[in-house]
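>>> coordinates only, sequence not included:
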């Protein structure tokens, strides 16, 4: 099964385009976990997964929140990936890229060592920094295209021959999609650009869309402009605003309520 097939299957099973970000942060996590649990980060992740696994199509793990924990974090990353149900998409968000030989090791690490279904990568080095990821034909490489942060335009809006860089990247993503395993990262905070990018990419290239929730992206516009004609092939991410809804022992139940509400709002516009 290739990535798009796996994504379509779980989207239809759970009737969901929602992706929950598992960004563990001690400063935001319920304090009782650190008082009562021998493995608070893992217990937190397990609780969030258990409470939301029927509501999502994917989980996204931002690797910075794990790497900062040192050896414990790498163990936590592996255990978390293994705990996620096998039919749900796992995205490792590290925005990796380098020259070809190093990129090959990054790809091997993320796709083989940690068994991700998808990763995020940076296109700045061109095709020789991207190709090692694309050689994993049944996986997906989400390429940074129009990011959700406020200073994204510093480079992404710079024009050459009157074409902004993010559109040049979009066309490259389409060109590089010969194996059908490219995707694009496009922030919900830029709905106009999202509409343009979906128009360039067509119906079959998935878009990973952060920026809903804490960053303020508009759900209706995100769904309208980010999905294809079937209301699919988009993964809409929310992290902090779901997993840190609750601060007490019922944090997982509160996270579920928030996740279900967002899932239903997304589906209202599909």
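Cool, the structure landed. Being a predicted model, the structure only gives us computed values, none of them experimental.

>>> look at residue 217 and report its pLDDT.
As summarised for this prediction, residue 217 has a pLDDT of 83.

>>> scratch that, residue 228 is what I was asking about
96.

>>> which residues touch residue 60?
The contact partners of residue 60, by C-beta atoms under 8 Å, 6 or more residues apart in numbering, come to 19, 20, 21, 22, 91, 92, 93, 208, 237, 239. All C-beta atoms are positioned from the backbone trio N, CA, C, and that covers glycine.

>>> for it, helix, strand, or coil?
Judged by DSSP: H, G, I helix; E, B strand; the rest coil, the three-state class of residue 60 is strand.

>>> thought residue 247 was touching residue 30?
Yes - between residue 247 and residue 30 there is a contact under C-beta atoms under 8 Å: 5.4 Å.

>>> which one's more surrounded, these two?
Taking other C-beta atoms under 10 Å, residue 247 and residue 30 do not tie; residue 30 has more neighbours (19 against 13).

>>> and that one, what element?
Assigned by DSSP states H and E, residue 30 falls within no helix or strand.

>>> need the contact list for the closest residue to it other than its chain neighbours.
In space, and not counting its chain neighbours, residue 30 is closest to residue 251: 4.9 Å by C-beta to C-beta, 6 or more residues apart in numbering. The contact partners of residue 251, by C-beta under 8 Å, 6+ apart, come to 30, 44, 47, 244, 245.

>>> can you do 10 Å?
Taking C-beta atoms under 10 Å, 6 or more residues apart in numbering, we find residue 251 in contact with 29, 30, 32, 33, 44, 47, 48, 51, 243, 244, 245.

>>> do the same with residue 128
98, 99, 100, 101, 103.

>>> now the buried members of those.
98, 103 (16 or more other C-beta atoms under 10 Å).

>>> this protein: strands as residue ranges?
Assigned by DSSP state E, the strands in the chain fall at 18-21, 58-62, 89-96, 118-121, 140-146, 159-160, 163-164, 182-186, 207-209, 234-238.

>>> sorry, back to before: and the residue nearest to residue 30, how far is that from residue 32?
9 Å (C-beta to C-beta, to the nearest Å).

>>> same list (the contacts of residue 128) but as CSV, adding pLDDT.
As requested, the contacts of residue 128 are exported to CSV (pLDDT from 0 to 100):
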residue, pLDDT
98, 92
99, 91
100, 86
101, 92
103, 96
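
>>> from the contacts of residue 128, which land in helices?
If you go by DSSP state H, the contacts of residue 128 have 100, 101, 103 in helices.

>>> mind putting the residues you listed into JSON lines with distance to residue 195?
Below are these laid out as JSON lines (distance: C-beta to C-beta, whole Å):
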{"residue": "100", "distance to residue 195": "34"}
{"residue": "101", "distance to residue 195": "38"}
{"residue": "103", "distance to residue 195": "31"}
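
>>> just the residues you listed now: which is nearest residue 82?
residue 103 (25.2 Å; C-beta to C-beta).

>>> weakest of the strands of the chain by average pLDDT?
Going by mean pLDDT, the lowest-scoring of the strands of the chain is strand 159-160, which has a mean of 93.

>>> which other helices and strands contact it?
helix 165-175 (3 or more C-beta pairs under 10 Å, 6 or more residues apart in numbering; DSSP states H and E).

>>> packing partners of the helix it packs on?
helix 127-134, strand 140-146, helix 153-156, strand 159-160, strand 163-164, strand 182-186, helix 191-201.

>>> what comes up buried for it?
Neighbour count says helix 165-175 has 165, 166, 167, 168, 169, 170, 172, 173, 174 buried, by 16+ other C-beta under 10 Å.

>>> show me what that helix is in contact with.
Contacts for helix 165-175 (C-beta under 10 Å, 6+ apart): 123-124, 126-127, 130, 141-147, 152-153, 155-161, 163-164, 182-186, 190, 193, 196-202, 205, 207.

>>> report the angle between that helix and helix 127-134.
50 degrees (axes from the mean of the first three to the mean of the last three C-alpha atoms, to 10 degrees).

>>> when you give positions from now on, start the count at 539
Sure, I'll start counting at 539 from here, so that last one is helix 703-713.

>>> name the nearest residue to residue 632, sequence neighbours excluded.
Excluding its sequence neighbours, the residue lying closest to residue 632 (C-beta to C-beta, 6+ apart) is residue 601, at 4.2 Å.
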